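Peer 1: Next comes the sequence, and after it the predicted model I'd like to discuss.
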Amino acid sequence: MNTLAYELGAAQRRTLDRYTNFLSSLHPTFNNIPLVFERRRTSGHQLAVLASDSRLNNASFNARYLQAFWQRTEEARRLCSTFVADLATFTAETLEITRNTSRNEPLSQVDFNLYSLSRSPTWKLFPPTDVPDLVHELALRFCSLRAAIRQLKYTIVEVHDESFGLKSVFVRAMDHRTCQCHTQPTVVEELFREARTTPVWDVAYSSADPLVRGAEYKTDIAGLFNGLASVSSHISVFLEETGLRIDTVFNELLKAERASKLGELNFQLAAAKEGADEFMAMINHLEAWLRK
């Protein structure tokens, strides 16, 4: 596997963390906008109003969604690890049975009770009665992993898709006039006028001037949206490739299920295990990247 093609780095992790923090900061920042309008009104200006926008509603939810992303990935990783271990044990036991019999031994003559998997307390469909049934059970377990990976991808795609609407809402609000009688200053400039309305954000501003800080804040957030698009795309591709490896394992196990002799079964299981090891390496990498 070419891990360099899918590796997730520290810069991408920082972008994801910053976007999560941005989502958490949105409602407090927007709650301060009426304070800015009122401050201008008490200075003798005509009161401005910013229309509400429903696209802002999911910001806090998406922040929690991303904050829980590692935990959900870890849960998926543990499940994956269990099923990959099941496959590894089954493969090793098949090799042992082959050594004790023959590569040409018909599977119909192999006692399925020789396999550890035959003593599993749970089954995806029904208890097995022969070796092909055990292989089918392994295939079903890997098939269920596809749904877990698909759900992780859906999380990232949903957050990314909603970011377009949030960007529009954010830019419109920051550029909004602060009174009805003047086009300047804008909301973002006035937010930085006083400490109590200043957005909480991790930027090293170049000046204490509210105009400068407001402009730098807006520029940084615009860059963050672009960064999120790149990271989201990378994670989506990563998870799609992970899912494809599950598909490979699943298909190899379906072929293994149709084997008639131990030699054929060993060949298909080796191919399935190779794909499972690649898959496990990728999900381990994703979980470790999120855990940092």
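Peer 2: Cool, got the structure.
Peer 1: Just confirm residue 140 is within a helix.
Peer 2: Yes. Judged by DSSP: H, G, I helix; E, B strand; the rest coil, residue 140 forms part of a helix.
Peer 1: Now that we're looking at it, what pLDDT does it have?
Peer 2: Looking at residue 140, its pLDDT is 96.
Peer 1: Kindly tell me how buried it is, as a neighbour count.
Peer 2: 15 (other CB atoms under 10 Å). Yep, even glycine has a C-beta here, placed from its N, CA and C like the rest.
Peer 1: Also the one 10 residues further on?
Peer 2: The number of residues packed around residue 150, counting by other CB under 10 Å, is 13.
Peer 1: Which neighbouring elements make contact with the stretch of helix or strand it belongs to?
Peer 2: Assigned by DSSP states H and E, residue 150 belongs to helix 131-174. On a contact count with 3 or more CB pairs under 8 Å, 6 or more residues apart in numbering; DSSP states H and E, helix 131-174 meets helix 10-31, helix 59-67, helix 69-100, helix 187-191, helix 210-257, helix 262-291.
Peer 1: and for the first one, what are the contacting residues?
Peer 2: By that I understand helix 10-31. 56, 59-60, 62-63, 66-67, 163, 166, 170, 173, 191, 199-202, 221, 224, 227-228, 230-231, 234, 289-290, 292 (CB atoms under 8 Å, 6 or more residues apart in numbering).
Peer 1: Quick one: residues contacting residue 155.
Peer 2: Applying CB under 8 Å, 6+ apart to residue 155 gives the contacts 65-66, 69, 72.
Peer 1: In terms of distance to residue 243, which of those residues ranks first?
Peer 2: residue 72 (15.4 Å; CB to CB).
Peer 1: Look up how far residue 154 lies from that closest one.
Peer 2: 11 Å (CB to CB, to the nearest Å).
Peer 1: Between these two, which is the more surrounded one?
Peer 2: residue 72 (15 against 12).
Peer 1: Quick check: residue 16 vs residue 224, distance?
Peer 2: Taking CB to CB, one finds residue 16 at 10 Å from residue 224.
Peer 1: buried sites along the helix or strand of the chain with the lowest mean pLDDT?
Peer 2: When each helix and strand of the chain is scored by mean pLDDT, DSSP states H and E, helix 59-67 comes last, with a mean of 92. Counting neighbours by 16 or more other CB atoms under 10 Å, one finds that the buried residues in helix 59-67 are 59, 62-63, 65-66.
Peer 1: As CSV, those with distance to residue 252 would be great.
Peer 2: Listed next are the buried residues of helix 59-67 as CSV, based on distance: CB to CB, whole Å:
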residue, distance to residue 252
59, 43
62, 37
63, 40
65, 34
66, 34
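Peer 1: Nearest to residue 182 among those?
Peer 2: residue 59 (29.2 Å).
Peer 1: got a list of what that closest one touches?
Peer 2: Residues counted as contacts of residue 59 (CB under 8 Å, 6+ apart) are 23-24, 26-27, 166.
Peer 1: Can you name the helix or strand that the residue of the chain positioned farthest from its centre falls in?
Peer 2: Residue farthest from the centre of the chain, counting by CA atoms, centre = their mean, is residue 44 at 49.5 Å. Residue 44 belongs to no helix or strand when assigned by DSSP H and E.
Peer 1: Dihedrals phi and psi, it?
Peer 2: Dihedral angles of residue 44 (phi, psi; degrees, to the nearest 10) stand at phi 100, psi 10.
Peer 1: do you know how far it is from residue 184?
Peer 2: 15 Å.
Peer 1: count of neighbours near the nearest residue to residue 106 once chain neighbours are set aside?
Peer 2: Leaving aside its sequence neighbours, residue 106 sits nearest to residue 261 (CB to CB, 6 or more residues apart in numbering; 5.9 Å). Counted with other CB under 10 Å, residues neighbouring residue 261 total 18.
Peer 1: which one of the buried residues of helix 59-67 is nearest residue 111?
Peer 2: Proximity of those to residue 111 (CB to CB) peaks at residue 65, which lies at 48.5 Å.
Peer 1: Backbone dihedrals for residue 124, please?
Peer 2: Residue torsions, per degrees, to the nearest 10, at residue 124 are phi -70, psi -40.
Peer 1: Now that it has come up, it's in contact with residue 140, right?
Peer 2: Yes. Between residue 124 and residue 140 a contact is recorded at 3.8 Å, counting by CB atoms under 8 Å.
Peer 1: Where does pLDDT dip in this protein?
Peer 2: Applying pLDDT under 70 to the chain flags the ranges 1-6.
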